[in-house]
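Student: Generate a structure from the sequence data that follows.
(chains A and B)
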Amino acid sequence: MSVSRRQFLAAFGGAMGATGLSLAGCSLLPAKADSLKSREYVGASKLNDGSYAVQSLNSDGTARWQTLVEARCHGGCFRPHTAQVLIFEWRPGWWFHVFDSRSGERLAHIKANDGEHFYGHGVFSTDGRYLYTTASRYQRGNGIIAVYDAEARYARVDTLDLKGIGPHELQLHPVGQTLVIALGGIKTHPDYDRIKMNRESMAPALMLVDRTSGEIRARFRPSHHQLSCRQLDVTPQGHIYAGYQYQGPNDQAPPLIARYRSGRFDEIGFTDDVQPQLANYIASVCAHPQNDLVAVTAPRGGLALIFEGATGRILRNEAITDGAGVEALAGGNFLVTTGQGKLIRMGTGAPAQELATLPLHWDNHLV
Amino acid sequence: MLRLTRYFRTAALTLLLPTLLLPGLALSASAEFGTAVEQQTRAGWHQGIGRGYQALASDSETLLQQARAYCQQPSTEARNALESNWKQAFGAWQKVRFVDFGPVETNNRAWQFQFWPDPKNLIARKADLLLKDGTAVSAETVGQAGVAVQGFPMLEYLLFDTRFNTGDHALPTKTSCQLLIQVAAHVVDNSQQLVADWSEFKPRYLATGNYTHATIRAAMTALEVAEERRLATPMGLRGNGKRSVYAADAWRSGSSLASIGASVDGLQKYFLPGLEKLLNEQGESDLAQRINKQFGEVQEHFPAMDLALKPLLEDDNAYRSLQGLYVDVSQLATLVNGEAAARLGVIRGFNASDGD
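Tutor: Numbering: from 1, shown residues only, chains lettered A, B, ... in the order given. Got it, this is the predicted structure:
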């Protein structure tokens, strides 16, 4: 790693000073960086016959297990210290699945509470006990974090009110106490298909929320109210990168990447030859835990980019059709999935390399 | 190849130029207009779609006038004319329904014109709710009642729903007439506004290269929706495998097939000429001709336009004519969404369409 733990803590102290945040420090070191070697990857997919499945992979793109599911799924997370992986249904999602990550056997199938639906993402507390998932109380459209206790057969134990609409992806800050949440701001209702009901009054945000008290510690607003903040990742140093989807007209090309780093929230806009090519839509964001690189997929624009976190400078721009999920590979590269079933290795040192093609369509995220 | 050149230029520039940091509000306009042929194509599309929007506005106005006339002086003739005016205006909407960008996006106008699919039967529930206590229905009521109330399906429910038409609130009772007229007036307002906004949108549409692909993607989506959701699903070729007219749109008026026919007709009139121009420019005139011919096949093999979908689903012999239509539409979708899109470098993938 390029940043020592001491530097990291110092930098993070600066962040707290600058924003008035008080993220209770504990001595957890991020596990993500060390766990990349020989790890498996899991993603939701649609098969060619129209059915849906969850597919597991090795880092070289070879297939492991595949398990059929009842409905389209989206994102998910591994449960720390166990061999469990969770996958959530695509919004409006009514269920999430718990699989044995070695065999693909489904261990549990948990239904959303009445009057709630999931948005497709979840994350665990570092001890692997509590699951935090983005959800909606859809009659009023209240965005919440629904908390489940994995040690009590995924009993619902808490609800954090986000005082906002449409939370999407979330991650746990490496210190372990704060949830980092992309709040899309878009109001939908399951009876009304996927209609966006509040384009004019959207209030998207990048949020920091205490996972125990539910206290909202920060709510960073994108530079335009129609920049729907949807995807994000957090580095072991606590740098946050979020991806937007712009709900305004096609002939505008606002910045689509938000960054919270060293106590400062800003946005990264690329040059005029690249920014419009992203077609106002970021599908996935991955900040590599072993370097300062961030990869994003832009399926509407047919691009995937790698940029340097500190400067926002693009180091690789690849034409990738219908790019979907992206995750970090050991050694500094990224693994990208596509809607055409491809698995692509992407790095800054060499052109993207296609590893394999499976007969399926990958959904937006790789876990 | 155009795409490749663009990519290399992009890659080269991104390595050379530093990125811009934009902490505040800054929307930068696209500098790319596209090729001259693309610009001419968009000019043609703009004009064609504009004509379609004007037809929608004028047919909706006729519908509103007839709704007023019928409610003032109900008669069988007036009712027949009204039902026919509804079909005409709904058909006009079908012809431009493929446009999913630009001013039709404002305030979910497309959804206001046609809320569909409606698996929970919100149309009937909303109508019953609005009519149950006899409270007067105003323009404001309709304005605030949500998309399930504000368009053609609500008018269709009032005019054609069998249960409703034998119930206490059947037209021409006072409040049902108020609802009919206010919804028709809402459709007129929306369609007139759309005509005005589309005209105002012209410079941006012509100046923005991204709209070439956006327009092609819109047509691709419309073909896919026609094939999958408007035909295959009610035919029982998807999902639980059961044939069900309720999965189609406009089943209450028996216009499901006629409306698909109108959508294909709209694509042929307003979209196809531009697509042919782009394909010819790429040296793909053979493909352009095949697509043109396939549009003809679909129109030729359409079951009689006034046929309702329901009896065709219930009779195995008649069902065969639907299968023939499905194959034709499916082949058209393959030609446009597969071959033409690939030749023109248009991306519309699993995640690109609605992945989140």
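
Student: what residues are up against B:Gln182?
Tutor: By C-beta atoms under 8 Å, 6 or more residues apart in numbering or on different chains, B:Gln182 lies in contact with B:137-139, B:141-142. Using the backbone N, CA and C atoms, a C-beta is placed for each residue, glycine as well.

Student: how about those residues, which pair is most distant?
Tutor: Farthest pair in the contacts of B:Gln182 (C-beta to C-beta) is B:Val137 and B:Ala139. Separation: 8.7 Å.

Student: Helices of chain A, start to end?
Tutor: Secondary structure of chain A (DSSP state H): helices at A:5-19.

Student: so where's it uncertain?
Tutor: A:1-35 (pLDDT under 70).

Student: Count the residues that sit near the residue of it found nearest chain B.
Tutor: Per C-beta to the nearest C-beta, A:Asp322 is where chain A lies closest to chain B, at 2.6 Å. Close neighbours of A:Asp322, defined as other C-beta atoms under 10 Å in any protein chain shown, add up to 25.

Student: pretty sure it is touching A:Pro299, no?
Tutor: Yes - at 4.7 Å, A:Asp322 counts as touching A:Pro299 under the criterion of C-beta atoms under 8 Å.

Student: who touches both of those two?
Tutor: Counting by C-beta under 8 Å, 6+ apart, the residues touching both A:Asp322 and A:Pro299 are A:338-339, B:347, B:349, B:351-352.

Student: Neighbour count and distance to A:Lys163 added to these, as a markdown table?
Tutor: Compiled in a markdown table, the shared contacts of A:Asp322 and A:Pro299 are given as follows (neighbours: other C-beta atoms under 10 Å in any protein chain shown; distance: C-beta to C-beta, whole Å):
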| residue | neighbour count | distance to A:Lys163 |
| --- | --- | --- |
| A:Thr338 | 25 | 37 |
| A:Gly339 | 26 | 35 |
| B:Ile347 | 23 | 37 |
| B:Gly349 | 19 | 35 |
| B:Asn351 | 26 | 30 |
| B:Ala352 | 23 | 32 |
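
Student: For A:Leu366, state which of the residues you listed is nearest.
Tutor: The closest of the shared contacts of A:Asp322 and A:Pro299, once distances to A:Leu366 are taken by C-beta to C-beta, is A:Thr338, at 10.7 Å.

Student: Bridged to that closest one, which residues?
Tutor: A:Gly323 (DSSP bridges).

Student: Surely it is in contact with A:Glu318?
Tutor: No - between A:Thr338 and A:Glu318 there is no contact under C-beta under 8 Å: 11.1 Å.

Student: so what sits against both of those two?
Tutor: A:Ile344.

Student: ok so, going back, mind giving me the ChimeraX select for the contacts of B:Gln182, buried ones only?
Tutor: Buried residues within the contacts of B:Gln182, by 16 or more other C-beta atoms under 10 Å in any protein chain shown, are selected in ChimeraX with:
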select /B:137,141,142
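
Student: between the contacts of B:Gln182, which is nearest chain A?
Tutor: B:Val142 (16.7 Å).

Student: Tell me the secondary structure of the nearest residue to the closest one once chain neighbours are set aside, please.
Tutor: Using C-beta to C-beta, 6 or more residues apart in numbering or on different chains and skipping residues adjacent in sequence, the residue nearest B:Val142 is B:Gln182, 4.5 Å away. Under DSSP: H, G, I helix; E, B strand; the rest coil, B:Gln182 falls in the helix class.

Student: B:Gln182 and B:Thr141, how far apart?
Tutor: B:Gln182 is 7 Å from B:Thr141, where distance means C-beta to C-beta, to the nearest Å.

Student: Would you mind putting the contacts of B:Gln182 into CSV with secondary structure, pLDDT and distance to B:Thr215 alongside?
Tutor: What follows is those, written out as CSV (DSSP: H, G, I helix; E, B strand; the rest coil; pLDDT from 0 to 100; distance: C-beta to C-beta, whole Å):
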residue, secondary structure, pLDDT, distance to B:Thr215
B:Val137, coil, 94, 38
B:Ser138, coil, 96, 38
B:Ala139, helix, 96, 33
B:Thr141, helix, 95, 36
B:Val142, helix, 96, 31
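
Student: follow-up on the earlier one: look up how far chain A lies from the residue nearest to B:Val142.
Tutor: 21 Å (C-beta to the nearest C-beta, to the nearest Å).

Student: So for that residue, what's the pLDDT?
Tutor: At B:Gln182, the model reports a pLDDT of 98.

Student: Distance check, it against B:Leu130.
Tutor: Counting by C-beta to C-beta - B:Gln182 and B:Leu130 are separated by 10 Å.

Student: B:Gly44 too?
Tutor: Per C-beta to C-beta, B:Gly44 is found 42 Å from B:Leu130.

Student: Also A:Lys37?
Tutor: Distance from A:Lys37 to B:Leu130, by C-beta to C-beta: 63 Å.

Student: for B:Pro153, what are its contacts?
Tutor: Neighbour list for B:Pro153: B:114-116, B:118, B:123, B:249-250 [criterion: C-beta under 8 Å, 6+ apart].

Student: ok, the residue of chain A closest to chain B - contacts?
Tutor: A:299, A:302, A:338-340, B:347, B:349-352.

Student: got the residues of the stretch 51-200 of chain A near chain B?
Tutor: Proximity of the stretch 51-200 of chain A to chain B, by C-beta under 8 Å from any C-beta of the partner chain, involves residues A:74, A:91, A:120, A:168, A:191-197, A:199-200.

Student: try it again with 7 Å
Tutor: Contact residues (C-beta under 7 Å from any C-beta of the partner chain) of the stretch 51-200 of chain A with chain B: A:191-195.

Student: In the residues you listed, find the pair that's most separated.
Tutor: A:Asp191 and A:Arg194 (11.2 Å).

Student: Please identify which of these two sits among more neighbours.
Tutor: A:Asp191 (17 against 13).

Student: Counting neighbours, what do you get for the nearest residue to the more buried one once chain neighbours are set aside?
Tutor: Spatial nearest neighbour of A:Asp191, excluding adjacent residues (C-beta to C-beta, 6+ apart): B:Lys120 at 5.0 Å. As a burial measure, B:Lys120 scores 12 neighbours (other C-beta under 10 Å).

Student: swap in A:Ala71?
Tutor: Residues lying near A:Ala71 (other C-beta under 10 Å) number 12.

Student: which non-adjacent residue is nearest it?
Tutor: Nearest non-adjacent residue to A:Ala71 (C-beta to C-beta, 6+ apart): A:Glu89, at 5.3 Å.

Student: what's near enough to touch the one you found?
Tutor: Residues near A:Glu89 by C-beta atoms under 7 Å, 6 or more residues apart in numbering or on different chains: A:71-74, A:95-96, A:118, A:120.

Student: Buried ones only from those, please, as a PyMOL command.
Tutor: In PyMOL, this line selects whichever of the contacts of A:Glu89 come out buried by 16+ other C-beta under 10 Å:
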select buried, chain A and resi 72+73+74+95+96+118+120
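
Student: count of neighbours near the residue lying closest to B:Leu312 once chain neighbours are set aside?
Tutor: Distances taken as C-beta to C-beta, 6+ apart put B:Ala318 closest to B:Leu312, at 4.4 Å, once the chain neighbours are dropped. Using other C-beta under 10 Å, B:Ala318 has 14 neighbouring residues.

Student: element containing B:Ala318, please.
Tutor: helix B:316-333 (DSSP states H and E).

Student: and the following helix or strand past that helix, which residues are buried?
Tutor: Downstream of helix B:316-333, the next assigned helix or strand under DSSP H and E is helix B:341-344. Judged by neighbour count using 16+ other C-beta under 10 Å, the buried positions of helix B:341-344 are B:341, B:344.

Student: Quick check: end-to-end length of stretch A:74-85?
Tutor: Stretch A:74-85 has an end-to-end distance of 13 Å (C-alpha to C-alpha, to the nearest Å).

Student: my read: B:Glu297 touches B:Ser330, true?
Tutor: No - the criterion here is C-beta atoms under 7 Å, and B:Glu297 misses it with B:Ser330 at 11.3 Å.
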